[in-house]
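Visitor: quick one, what's the 3D model for this:
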Amino acid sequence: LFANNRGNPTALLNLFIKYGLYIDACQLVCQVLLGGNEREQNTTSRLPEKGNIDYVPYDAIDRLWNLIETHIQSSKENSIENQKLLDARKSVERALEKHFQLMHVSEMGMLSARTLHSKGY
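Guide: Numbering: from 1, shown residues only. Sure thing, here's the model as predicted:
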């Protein structure tokens, strides 16, 4: 969606949050962090210095998380909408976990590539 500088996911995320579109905001965060199958398939060859960055500010994710929590606590009923919000927030949690796993794999690949390059391979 936002690969290769075609958009500003943070600005869109802030708009979603501003207008209370928390489920849409969660879906956006997941889409940016996971980046589809291409990201997972190319994990070891993605280098930040080549523009391979998937970024949503963590403070924006924290703000979204806290706004959902506040919304759920203030709506004293256990509604379908609240369950959808909780499910969306859980999907963000899973996306963050997967994002950190992929970052670790990318980092290991980057270190291996740089080691091989320094040894003349």
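Visitor: show me the strands in this structure, by range?
Guide: Counting by DSSP state E, the chain has no strands to list.
Visitor: any low-confidence regions in the chain?
Guide: Residue ranges of the chain with pLDDT under 70: 1-6, 36-54, 104-121.
Visitor: and with 50 instead?
Guide: Low-confidence segments of the chain, defined by pLDDT under 50: 1-5, 40-41, 43-49, 51.
Visitor: would you map the helices across it?
Guide: All helices of the chain, identified by DSSP state H, fall at 9-18, 22-34, 36-41, 58-74, 80-118.
Visitor: is it possible to export the ones you listed to JSON lines including mean neighbour count?
Guide: Any C-beta I mention is one placed from the backbone N, CA and C, and that applies to glycine too. Listed next are the helices of the chain as JSON lines, based on neighbours: other Cβ atoms under 10 Å:
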{"stretch": "helix 9-18", "mean neighbour count": "16"}
{"stretch": "helix 22-34", "mean neighbour count": "21"}
{"stretch": "helix 36-41", "mean neighbour count": "11"}
{"stretch": "helix 58-74", "mean neighbour count": "14"}
{"stretch": "helix 80-118", "mean neighbour count": "14"}
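Visitor: wait, what's in contact with residue 85?
Guide: Remark: with contacts taken as Cβ atoms under 8 Å, 6 or more residues apart in numbering, residue 85 is in contact with 22-23, 68, 71-72.
Visitor: how close does it sit to residue 64?
Guide: Residue 85 sits 10 Å away from residue 64, taking Cβ to Cβ, to the nearest Å as the criterion.
Visitor: burial measure for residue 55, as a count.
Guide: 12 (other Cβ atoms under 10 Å).
Visitor: what sits against it?
Guide: By Cβ under 8 Å, 6+ apart, the contact list for residue 55 reads 9-10, 32.
Visitor: check residue 88 too.
Guide: Residue 88 sits in contact with 22-23, 26-27, 68, where contact means Cβ under 8 Å, 6+ apart.
Visitor: any idea which of those is closest to residue 91?
Guide: Using Cβ to Cβ, residue 26 comes nearest to residue 91 of those, at 6.0 Å.
Visitor: many thanks, we can stop here.
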